[in-house]
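Q: Here's a sequence, model it:
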Amino acid sequence: MRIDVFTLIPEAFAWIRERRPLAAVLGAQLELRVFSYRSTTPLSAGQVDDEPYGGGPGMVLRVDVVAAALDAVYRGVPEHRVLALTPSGRQLDQALVEELAQEPALTLLSARFEGFDQRILDHLCTDRVSIGPYVLSGGEIPALALVDAVARRLPGALAEGSGELESFSAALGGGLEYPHYTRPAEFRGWTVPGILLSGDHGRIDEWRRERVRSAT
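A: Numbers count the residues shown, from 1 in each chain. Next up, the predicted model:
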């Protein structure tokens, strides 16, 4: 799989390359490329945004700047899915993550401040994706969240079996994962549920299923 990210802050994606799960699949299951709009902008002095028509605060990412970036990499709008990270998009949930993880290639478009010229959303992308009903200063954090969520669903990203029983998985019926405990068994009077120390795996499984039902 290949994921291309177009951004104004390419350095924001440096650290994720060195951390699991991404580090485990880079070069094998995943190719991650990051492009700066400023490298291909047709405007002088690296300009990429402008004041909105009609007035108002903030700056808007220009459609010609994004088109030039796509032209430079793909010689036009690519045939695979192009996702704009925007509050108006489909909310990123596990179902969408699983869907995107099956794609051979994805392009992510990130903007900052007032966001995209509407013509970018209308003509240069296939999907709009949001990570929640709130506003951030830019699309870099949503793009990082999407890359991480998709990467961990690729073969080899996680230890065998660790991705099967987790929140929103099919094995848990799409529910929330049960609580986890580890040593020490008692700390400041806070104790681990005794059933988890019993060694009775049948009762433990039932306890966990009940916690999934109650949490969900």
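
Q: hang on, residue 12 in a strand?
A: No. Residue 12 is assigned helix when assessed by DSSP: H, G, I helix; E, B strand; the rest coil, not a strand.

Q: And it, how far from residue 132?
A: Counting by C-beta to C-beta, to the nearest Å, the gap from residue 12 to residue 132 is 18 Å. Every C-beta, even on glycine, is put in place using the N, C-alpha and C of the backbone.

Q: When the two are compared, which one has more neighbours?
A: Neighbour count, other C-beta atoms under 10 Å: between residue 12 and residue 132, residue 12 has more, with 17 against 11.

Q: Pull the contacting residues for that one.
A: By C-beta atoms under 8 Å, 6 or more residues apart in numbering, the residues touching residue 12 are 140, 144.

Q: Can you give the strand pairings for the top strand by length along the chain, parallel or anti for each?
A: Secondary structure assigned by DSSP state E gives strand 81-91 as the longest strand of the chain. With DSSP bridges as the test, strand 81-91 is paired with strand 105-109 (parallel), strand 127-130 (parallel).

Q: Can you say which of these is nearest to residue 79?
A: Among these, the nearest to residue 79 by C-beta to C-beta is strand 105-109 (8.8 Å).

Q: For residue 120, grab the count of nearby residues.
A: 24.

Q: So it sits against residue 85, correct?
A: No. Using C-beta atoms under 8 Å, residue 120 is not in contact with residue 85; the gap is 11.5 Å.
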